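K.L.:
Provide a 3D model corresponding to the input given below.
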Amino acid sequence: LGQQVTVTQDEKLLVLKVGESINLNCEHSDKTGTFTMFWYQQKSGKGLELMAMSTAVKDSNMENKFNELKWSLERSEVKASVLKRDKATSGDSAVYFCAS
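P.N.:
The predicted structure follows:
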(Lines give C-alpha, C1' and ligand atoms only; values in the text may rest on other atoms or scores of the structure.)
Protein backbone atom coordinates (compact mmCIF):
# COMPACT_ATOMS: atom_id res chain seq x y z
CA LEU A 1 0.00 0.00 0.00
CA GLY A 2 1.07 3.56 -0.64
CA GLN A 3 2.27 5.79 2.12
CA GLN A 4 0.51 9.06 2.89
CA VAL A 5 2.74 12.12 2.75
CA THR A 6 1.61 15.61 3.73
CA VAL A 7 3.07 18.53 1.77
CA THR A 8 2.96 21.97 3.43
CA GLN A 9 3.70 25.38 1.95
CA ASP A 10 4.25 28.12 4.55
CA GLU A 11 3.19 31.09 2.47
CA LYS A 12 -0.51 31.07 1.65
CA LEU A 13 -0.36 34.57 0.17
CA LEU A 14 2.74 36.57 -0.57
CA VAL A 15 2.46 40.21 -1.65
CA LEU A 16 5.70 41.80 -2.79
CA LYS A 17 6.90 44.95 -4.46
CA VAL A 18 8.84 44.73 -7.71
CA GLY A 19 12.50 44.18 -6.82
CA GLU A 20 11.90 42.41 -3.50
CA SER A 21 13.15 38.86 -3.01
CA ILE A 22 10.90 35.81 -3.25
CA ASN A 23 11.33 32.87 -0.85
CA LEU A 24 8.72 30.10 -1.02
CA ASN A 25 9.11 27.29 1.51
CA CYS A 26 7.84 23.74 1.18
CA GLU A 27 8.09 20.75 3.50
CA HIS A 28 6.86 17.16 3.32
CA SER A 29 6.18 14.78 6.20
CA ASP A 30 8.05 11.65 5.07
CA LYS A 31 10.81 10.60 7.45
CA THR A 32 11.80 7.27 5.88
CA GLY A 33 13.20 8.10 2.46
CA THR A 34 14.02 10.73 -0.09
CA PHE A 35 11.06 12.02 -2.03
CA THR A 36 11.43 13.97 -5.23
CA MET A 37 10.12 17.50 -4.75
CA PHE A 38 8.56 19.54 -7.56
CA TRP A 39 7.68 23.22 -7.93
CA TYR A 40 5.04 24.46 -10.40
CA GLN A 41 3.89 27.90 -11.49
CA GLN A 42 0.33 28.60 -12.63
CA LYS A 43 -0.42 31.96 -14.20
CA SER A 44 -3.98 33.25 -14.44
CA GLY A 45 -5.99 31.27 -16.98
CA LYS A 46 -3.10 28.88 -17.73
CA GLY A 47 -2.14 25.33 -16.79
CA LEU A 48 0.58 24.23 -14.39
CA GLU A 49 4.15 24.69 -15.63
CA LEU A 50 7.01 22.73 -14.08
CA MET A 51 9.65 25.10 -12.70
CA ALA A 52 12.03 22.79 -10.86
CA MET A 53 12.54 19.39 -9.33
CA SER A 54 14.90 17.94 -6.75
CA THR A 55 15.57 14.23 -6.25
CA ALA A 56 17.88 14.58 -3.23
CA VAL A 57 19.51 16.99 -0.79
CA LYS A 58 21.63 19.61 -2.60
CA ASP A 59 20.17 18.50 -5.95
CA SER A 60 18.15 20.97 -7.98
CA ASN A 61 17.10 20.93 -11.60
CA MET A 62 15.55 24.18 -12.84
CA GLU A 63 13.70 24.19 -16.14
CA ASN A 64 15.66 26.34 -18.63
CA LYS A 65 13.03 29.08 -18.82
CA PHE A 66 13.07 29.63 -15.05
CA ASN A 67 16.84 29.27 -14.79
CA GLU A 68 17.17 32.07 -17.35
CA LEU A 69 14.75 34.17 -15.27
CA LYS A 70 17.11 33.77 -12.28
CA TRP A 71 14.93 31.44 -10.18
CA SER A 72 16.76 28.95 -7.95
CA LEU A 73 15.88 25.98 -5.78
CA GLU A 74 17.60 25.11 -2.50
CA ARG A 75 17.20 21.78 -0.76
CA SER A 76 19.38 21.59 2.33
CA GLU A 77 17.44 18.73 3.94
CA VAL A 78 15.41 15.74 2.76
CA LYS A 79 12.06 17.10 3.91
CA ALA A 80 12.26 20.72 2.72
CA SER A 81 13.00 22.98 -0.23
CA VAL A 82 12.96 26.72 -0.91
CA LEU A 83 12.13 28.27 -4.27
CA LYS A 84 13.90 31.63 -4.62
CA ARG A 85 14.26 34.66 -6.81
CA ASP A 86 16.37 37.68 -5.83
CA LYS A 87 14.25 40.33 -7.52
CA ALA A 88 10.54 39.93 -8.15
CA THR A 89 9.01 41.28 -11.34
CA SER A 90 5.37 41.92 -12.24
CA GLY A 91 5.63 38.81 -14.44
CA ASP A 92 6.03 36.65 -11.32
CA SER A 93 2.38 37.15 -10.35
CA ALA A 94 1.08 33.57 -10.20
CA VAL A 95 0.10 30.67 -7.97
CA TYR A 96 3.03 28.45 -6.96
CA PHE A 97 2.59 24.80 -6.02
CA CYS A 98 4.97 22.40 -4.33
CA ALA A 99 4.48 18.65 -4.68
CA SER A 100 6.27 15.55 -3.46
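K.L.:
before we move on, what SS does the most centrally placed residue in the chain have?
P.N.:
Centroid-nearest residue in the chain, with C-alpha atoms, centre = their mean: Trp39, separated by 3.7 Å. Put simply, Trp39 is strand when judged by DSSP: H, G, I helix; E, B strand; the rest coil.
K.L.:
give the full set of residues in contact with it.
P.N.:
24, 26, 50-53, 73, 81, 83, 96-99 (C-beta atoms under 8 Å, 6 or more residues apart in numbering). To be clear about C-beta, it is placed using only N, CA and C from the backbone, and glycine gets the same treatment.
K.L.:
and the pLDDT at it?
P.N.:
pLDDT for Trp39: 96.
K.L.:
wait, Cys98 sits on Ser81?
P.N.:
Yes: assessed by C-beta atoms under 8 Å, Cys98 is found in contact with Ser81 at 7.1 Å.
K.L.:
hey, what's in contact with both of those two?
P.N.:
With the criterion set as C-beta under 8 Å, 6+ apart, the overlap between the contacts of Cys98 and Ser81 is 26, 37, 39.
K.L.:
which one of the residues you listed is nearest Lys58?
P.N.:
Nearest to Lys58, judged by C-beta to C-beta, of the shared contacts of Cys98 and Ser81 is Met37 at 12.4 Å.
K.L.:
which residues sit in contact with Gln9?
P.N.:
The contact partners of Gln9, taken as C-beta under 8 Å, 6+ apart, are 24-26, 96-98.
K.L.:
now do 10 Å
P.N.:
If a contact means C-beta atoms under 10 Å, 6 or more residues apart in numbering, then Gln9 has 24-27, 39, 83, 96-98 as its contacts.
K.L.:
buried subset of those as a ChimeraX selection?
P.N.:
Buried residues within the contacts of Gln9, by 16 or more other C-beta atoms under 10 Å, are selected in ChimeraX with:
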select :24,26,27,39,83,96,97,98
